[in-house]
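Visitor: Got a predicted structure plus its sequence, pasted below:
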Amino acid sequence: MVRGLITTLVVAVGLWLLAILILFAFGRRSAARELATLIPNLVFLFRGLLRDPRVPRSSKLWIGFAVAWFVSPIDLIPEFIPVVGPLDDAIVAALVLRHVLKQTDRSVLADHWRGDATTLDTIIRLRRLPKG
């Protein structure tokens, strides 16, 4: 149970760091900086949204569901399977993020976003992309 969570965390952080290093190596320093701060900024965003009375209760419930999903030992794809193991966690995170972005006013999101405003705008814009 704890081992699977640690494995997931190590794989996710490793891939995140690798992507940052690749961007940096190819001279994309601003993109590397944005990616380096993305996960901490999302954590602060969700923490702030959970405490904000302007956020719909349904969004708070979905965020709570996502947190429970991440710490739960039950997974659709076992964590010990390399690369694909953490995939169900990433899918849940993306779906919850999409829901929260749809249901919450942009000004509320901006109040809790600690990163660059253009990064938040990019995340919001990606949420609106048509299904392909």
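Guide: Thanks, I have the structure now. Just so you know, these numbers come straight off a predicted model, no measurement behind them. Numbers count the residues shown, from 1 in each chain.
Visitor: How are the strands of the protein distributed by residue range?
Guide: Counting by DSSP state E, the chain yields no residue ranges for strands.
Visitor: mind showing which ranges of it have poor pLDDT?
Guide: The chain contains residues with pLDDT under 70 at 1-5, 8-9, 75, 79-80, 82-87, 127-132.
Visitor: Contact partners for residue 64?
Guide: Shown in contact with residue 64 (Cβ atoms under 8 Å, 6 or more residues apart in numbering): residue 50. In this view, the C-beta of every residue, glycine as well, is placed from N, C-alpha and C.
Visitor: measure it to residue 105 for me?
Guide: Noted for residue 64: a distance of 20 Å to residue 105, by Cβ to Cβ, to the nearest Å.
Visitor: Ok, residue 46 next?
Guide: Taken as Cβ to Cβ, the span from residue 46 to residue 105 is 16 Å.
Visitor: Thanks again, I'm all set now.
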